[in-house]
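Student: quick one: sequence plus predicted model below, questions after.
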Amino acid sequence: MSLEKYQGCLLGLALGDALGAPYEGGPLERTLWRLIGTTSKGEMRWTDDTQMSLDLAESLAEHRALNADDVARRFAASYHWSRGYGPGAARLLKRIRRGMHWQQANRAIYPEGSYGNGGAMRAPVIGLYFAQRPGMLLDAARTSASITHAHPLGIEGAVLLASATALALAGEEPLALLRQAASHCSSEAFVTRMAIAEKWLAAGDAPAARDVARALGNKISASESCVTGVYAALRFMHQPFLDMLRFIAAGSGDVDTISAMAGAVWGAANGAGKLPAAQLEKIEQRDRLMHAAAVLYGNRPGNALS
Ligand code: R7I
Ligand code: MG
Ligand code: MG
Ligand code: MG
């Protein structure tokens, strides 16, 4: 556990998001991002993945606990179409903003809750904050996801990313990390994919990006993206960050989110100092990201100084 690893995680998440965003979606979305993907100061913009991670981090920092009502309010207040939120998430956040309680609003969109990857893409923040409280981490991951992603698969994705992040902070090596993270998976969709990823890592295989996307997924649903993100982080854990992002982009699909998840786990393992400096220089709101990481680090339960 070090401040540098906390900053590596949040900056890695934001960099993965911003560098992956130009590859997300079809021709229409890519054209739109060429128009809105840069700030007026020439910085790289990030998307909903980073916005929701910051909202969650800043709420945890202020309340020194997971306060679901406050997190929901922050998500809704931050909503802006130009961050590229998922379609259901956009409708949900507008309802919360109009005053509907999140518990009622999210069931009004999808009766079983959303199984999109939006709950998992911000779960690394839960891994950071509860890194030294394994007994609280899983529950917090579930609660934080259920605000917008109450479907069991949406929640399972969040549990996977939160635990993978905490294990990366603790310095676990790829195969051991994967096995421990897999012990928290229960659905066939996740268990089957984690077993494939474990087999590849154990054998030292390096399947092509397209084959990984086909076997582990590259879509907007949690079950078809989270294992891919974790696998990419572990396969490239001891290789350059940008090689990992190129690999994910070559698999196409939900590139910003898979890169954000992989970037967070990779950054938690390697620390901010290993992130590519030129790209880091150009990311928007870098100071806010650094500050959020520092406050999560300082306030985390179990920290002797908190
Ligand atoms: O999961 P979510 O927040 O989207 C995140 C993605 C990331 O790629 C971001 O980068 C951003 O681009 O969006 O958004 P949701 O709308 O909750 O879920 C994503 C999609 O999954 C939905 O738009 C639906 O297509 C699908 N989906 C469902 N479809 C039917 N029934 C999710 N849950 C259901 C369901 O219960
Ligand atoms: Mg996004
Ligand atoms: Mg999008
Ligand atoms: Mg995405």
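Tutor: Yes, it's here. Numbers count the residues shown, from 1 in each chain. Ligands and ions are numbered 1, 2, ... in the order given.

Student: in the one helix or strand Leu35 maps to, what counts as buried?
Tutor: Per DSSP states H and E, Leu35 falls inside helix 27-36. Using 16 or more other CB atoms under 10 Å as the test for burial, helix 27-36 gives Trp33. Placement of C-beta: from N, CA and C, glycine included.

Student: and Ser252, how many neighbours?
Tutor: When neighbours are defined as other CB atoms under 10 Å, Ser252 has 15 of them.

Student: which residues does the closest residue to it other than its chain neighbours contact?
Tutor: What sits nearest to Ser252 in space, not counting adjacent residues and going by CB to CB, 6 or more residues apart in numbering, is Asn218, at 6.2 Å. Asn218 sits next to 224-225, 228, 251-255, 258 when contact means CB atoms under 8 Å, 6 or more residues apart in numbering.

Student: with distance to ligand 4, secondary structure and pLDDT as extra columns, can I get those residues in JSON lines?
Tutor: Output for those, formatted as JSON lines (distance: CB to the ion, whole Å; DSSP: H, G, I helix; E, B strand; the rest coil; pLDDT from 0 to 100):
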{"residue": "Glu224", "distance to ligand 4": "12", "secondary structure": "helix", "pLDDT": "98"}
{"residue": "Ser225", "distance to ligand 4": "8", "secondary structure": "coil", "pLDDT": "98"}
{"residue": "Thr228", "distance to ligand 4": "12", "secondary structure": "helix", "pLDDT": "99"}
{"residue": "Gly251", "distance to ligand 4": "13", "secondary structure": "helix", "pLDDT": "97"}
{"residue": "Ser252", "distance to ligand 4": "12", "secondary structure": "coil", "pLDDT": "96"}
{"residue": "Gly253", "distance to ligand 4": "9", "secondary structure": "coil", "pLDDT": "96"}
{"residue": "Asp254", "distance to ligand 4": "4", "secondary structure": "coil", "pLDDT": "97"}
{"residue": "Val255", "distance to ligand 4": "7", "secondary structure": "helix", "pLDDT": "97"}
{"residue": "Ile258", "distance to ligand 4": "8", "secondary structure": "helix", "pLDDT": "98"}
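
Student: so which of those residues is surrounded by the most neighbours?
Tutor: Ile258 (38 neighbours).

Student: report the contact partners of that residue.
Tutor: Ile258 is in contact with 16, 20, 218, 225, 228-229, 232, 248, 251, counting by CB under 8 Å, 6+ apart.

Student: relative to Pro276, how far out is it?
Tutor: Distance, Ile258 to Pro276, using CB to CB, to the nearest Å: 18 Å.

Student: so which residues on the stretch 151-300 of the chain come close to ligand 2?
Tutor: Counting by CB under 5 Å from the ion, the positions of the stretch 151-300 of the chain adjacent to ligand 2 are Asp256.

Student: one more time with 6 Å, if that's ok
Tutor: Counting by CB under 6 Å from the ion, the stretch 151-300 of the chain comes close to ligand 2 at 256-257.

Student: ok, which stretches of the stretch 201-306 of the chain are helices?
Tutor: Assigned by DSSP state H, counting those that start in this stretch, the helices in the stretch 201-306 of the chain fall at 209-216, 226-235, 241-251, 255-270, 277-281, 286-299.
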